[in-house]
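1. Got a predicted structure plus its sequence, pasted below:
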Amino acid sequence: MMIKPVTSLKGEINIPGDKSISHRAVMFGSISDGLTEVTNFLEGADCLSTISCFQSLGIPIQKNRDTILIHGKGLHGLSAPLQVLDAGNSGTTTRLISGILAGQSFESTLTGDASIQKRPMKRIIEPLTLMDANITSMNGNGCAPLHIAGKSLKGIHYISPVASAQVKSCVLLAGLYADSATSVTEPALSRNHTELMLSSFGAKIETNHLTATIHPNPVLKGQKIEIPGDISSAAYFIAAACLIPNSEIRIKNVGINPSRDGILKVAQAMGASIQYQNPRISSGEKVCDLLVSSCSLHGTIIEGDIIPTLIDELPIIAVMAAFATGTTIIKDAEELKVKESNRIESVTNNLKAMGCDITATDDGFIIVGGHQLHGTVLDSHQDHRIAMSFTIAAMGSTGTSEILNSECVNISYPTFYHDIFSLSK
């Protein structure tokens, strides 16, 4: 994809449904009794992988023009798959479904693409094993493919070494099939979509600061779910409106769950002009429209407990920092190394190629902003968030840039290029 600089972005955009919530709607609907009807589902490759896996587990799922219909069969209604379950590029699918499969009465094998087969799965294998699950890394390297022989599980209180919604959700989902309550305590609060949505389906979940506890064997009931727009997808438009002069973008129907809104707090700390409009609650999630205008950004420090609330947005935040005056320091973000790419390396190499003064650290970056960036060839590393982040960087730079393997945006935002170019004036 060739990207040229733009002078202004103006207009209104409806971003796709939240990826995290879309995954969970399919999973929880599948293990509930009756019909779950989902609107504004994200039809990106990752979420379609989740649908495919649950169809292979015997769940009828219909994709209509505006809705996804999931005919759930209850907590114990899944069937043994006839083939290997393929999670594609989706870490959420891989880790969350493992918790469900661990408590079944059948065996299954779970794999994914080349990226998934390098991503760390010990972080779920270890707590599931503590619950007496029979789960093994088939290549003995702590990664997928995973073989899971479902069996009866025991409840535990797991102290997680990482603040990860995927780890937390995996253990809580396994806890549905345990013999007693299961708790997860995190070092910092990760996104809480699992707790909110499972509660709405009828699970008994208690939260106490950094600890979530689930009680086993609930009767889950199908729901109607309206999925809010994905704040991770909104982040690219927030950044674009801030850093490209004479811009104003209204981003409609954005989920602003407090466990996910770190991008808004950091953008405002950097000087962003963001107005919250039409606030409301949709399917238990906070939602609003965001009106973002061009502004002068300045550097900041991003660290500590806010990191889990914006881990997926750190690549685009780094791009914002490159355009800001002063120095931005991002730390406590080691998780960037084990995403679809090593995002510390991907971001650093691409920003350096554009002329940015950036230094990689073990857990983040030091970015001295305010220097004019120039167009160049940019490697997405087949990572959707890198491709979208550097599209925005290229639009605010001088000269033409080329994004290699830009089609990887289909993982989370298939219409991204159409939407961002539609705002160019």
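-> That came through fine. Numbering: from 1, shown residues only.
2. What sits closest to residue 200 if chain neighbours are left out?
-> The shortest distance from residue 200 to any non-neighbouring residue, by C-beta to C-beta, 6 or more residues apart in numbering, is to residue 284 (5.4 Å). (C-beta placed from N, C-alpha, C; glycine too.)
3. try residue 310
-> Leaving aside its sequence neighbours, residue 310 sits nearest to residue 262 (C-beta to C-beta, 6+ apart; 3.2 Å).
4. what about the residue nearest to residue 200, distance to residue 278?
-> Plainly put, residue 284 is 17 Å away from residue 278 if you go by C-beta to C-beta, to the nearest Å.
5. which of those two has more neighbours?
-> residue 284 (14 against 10; other C-beta atoms under 10 Å).
6. residues in contact with the more buried one?
-> Residue 284 makes contact with 196-197, 199-200, according to C-beta atoms under 8 Å, 6 or more residues apart in numbering.
7. Check it and give its pLDDT.
-> Per-residue confidence at residue 284 stands at 85 (pLDDT).
8. Next one: it from residue 310, what distance?
-> 21 Å.
9. doesn't residue 312 make contact with the residue nearest to residue 310?
-> No - counting by C-beta atoms under 8 Å, residue 312 is not a contact partner of residue 262; they are 9.8 Å apart.
10. okay, and the common contacts of those two?
-> With C-beta under 8 Å, 6+ apart, residue 262 and residue 312 have no common neighbours.
11. Now do the contacts for the nearest residue to residue 364 once chain neighbours are set aside.
-> Excluding the flanking residues, the one nearest residue 364 by C-beta to C-beta, 6+ apart is residue 330, at 3.8 Å. With contact set as C-beta under 8 Å, 6+ apart, residue 330 has these partners: 302-303, 314, 317-318, 321, 364-365, 367.
12. Check the spacing between the residue nearest to residue 310 and residue 317 real quick.
-> Counting by C-beta to C-beta - residue 262 and residue 317 are separated by 9 Å.
13. Surely residue 194 is within a helix?
-> Yes - using DSSP: H, G, I helix; E, B strand; the rest coil, the assignment for residue 194 is a helix.
14. Neighbours of it, how many?
-> Residue 194: 28 surrounding residues under other C-beta under 10 Å.
15. which residues in the stretch 201-350 of the chain form helices?
-> Secondary structure of the stretch 201-350 of the chain (DSSP state H, counting those that start in this stretch): helices located at 231-243, 262-269, 314-323, 343-353.
16. Please work out the average pLDDT along the second one.
-> Read it as helix 262-269. Mean predicted confidence for helix 262-269 is 98.
17. by how many degrees do it and helix 231-243 diverge?
-> Here the directions of helix 262-269 and helix 231-243 differ by 20 degrees (axes from the mean of the first three to the mean of the last three C-alpha atoms, to 10 degrees).
18. I'd like the numbering to begin with 13 instead of 1 from here.
-> Sounds good: first residue 13 from here, last item helix 274-281.
19. Which positions in helix 274-281 come out as buried?
-> 274-279 (16 or more other C-beta atoms under 10 Å).
20. As TSV, these with distance to residue 386 would be great.
-> Listed next are the buried residues of helix 274-281 as TSV, based on distance: C-beta to C-beta, whole Å:
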residue	distance to residue 386
274	30
275	26
276	30
277	31
278	26
279	24
